[in-house]
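Engineer: the sequence and its predicted three-dimensional model are supplied below.
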Amino acid sequence: MSLPTLSTATIERTTADSTSDASRSGPAARVVLRAPRVGDAARIWQIAKDSQVLDANTSYAYLLWCRDFPGTTVVAEVGGQVVGFVIGYLRPQAPHTVFVWQVAVDRDQQGRGIGAAMLDKLLDTVADDGASVLETTISPDNPGSIAMFTSVARRRDARITKRPLFEPDLFPDEHAAEDLYRIAPTARTKPEDRR
């Protein structure tokens with residue numbers, strides 16, 4: 001999985017959605033994190049396609065994802081428009097593990113910590129179902145994604161490990177190797193637990 005470079009930001013949580021007010025002022029600064037709706041699929045597909053980094057799947061795949069996996073998918077909205085997404089799933093053979101398949105943020109919204117915030121929202125959501133492990137794959141030539149997932153592990157006081165998963169010869173087209181990154185445990189550490 002190839003992901004754009006993102007940084008971290010402070011996120012305020014509400015009961016329905018998570019929001020972030022970055023240092024910018026005005027309505028464009030408010031970021032709402034929420035589960036996707038089927039109507040978001042076209043925008044998610046466009047963001048993936050425009051990233052020029054992700055493997056863009058068919059628009060139909062994103063429609064199914066929004067319909068069938070809203071509990072393991074997060075979208076970021078600014079000014080009523082979806083500007084980013086994280087899609088993942090709980091692994092059938094390891095239901096305590098959420099696999100993050102794709103993360104993308106519009107180019108004009110990058111650098112605000114939206115990607116990391118969506119990952120935190122996802123991990124907090126799946127924790128309610130007992131998930132305590134995050135897995136993702138990252139190609140070795142993507143230091144931005146490696147840094148983003150490493151920062152998630154650091155903020156959660158979790159261990160991050162890496163091992164080869166899919167070598168280029170397994171792909172039927174030209175594709176870089178994909179290394180498996182595993183972060184565990186993903187439960188947030190409370191400040192009083194650090195004393």
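Structural biologist: Sure, I can see it. Numbers count the residues shown, from 1 in each chain.
Engineer: quick one: the strands in the protein?
Structural biologist: For the chain, the strands defined by DSSP state E cover 12-13, 18-21, 30-34, 73-78, 81-91, 94-105, 133-138, 159-166, 178-184.
Engineer: out of those, which one sits most buried?
Structural biologist: Mean neighbour count (mean count of other CB atoms under 10 Å) peaks for strand 73-78 among those, with a mean of 24. Backbone N, C-alpha and C define where each C-beta goes, glycine included.
Engineer: could you find the closest non-adjacent residue to Tyr89?
Structural biologist: Once flanking residues are discounted, Tyr89 sits nearest to Thr72: 5.2 Å by CB to CB, 6 or more residues apart in numbering.
Engineer: now that neighbour: how far from Asp129?
Structural biologist: Distance of Thr72 to Asp129, given as CB to CB, to the nearest Å: 9 Å.
Engineer: comparing the two, which residue is more hemmed in?
Structural biologist: More crowded of Thr72 and Asp129, by other CB atoms under 10 Å: Thr72, with 22 against 13.
Engineer: give the contact list for the more buried one.
Structural biologist: Residues in contact with Thr72 (CB atoms under 8 Å, 6 or more residues apart in numbering) are 87-90, 98, 122, 125-126.
Engineer: and Val38, by the same measure?
Structural biologist: Residues in contact with Val38 (CB under 8 Å, 6+ apart) are 63, 66-67.
Engineer: for those residues, which one is nearest Ala153?
Structural biologist: Distance to Ala153 across the contacts of Val38 (CB to CB) is lowest for Cys66, with 27.6 Å.
Engineer: and the pLDDT at the closest one?
Structural biologist: As predicted, Cys66 sits at a pLDDT of 97.
Engineer: check contacts around it.
Structural biologist: 36-41, 44, 73.
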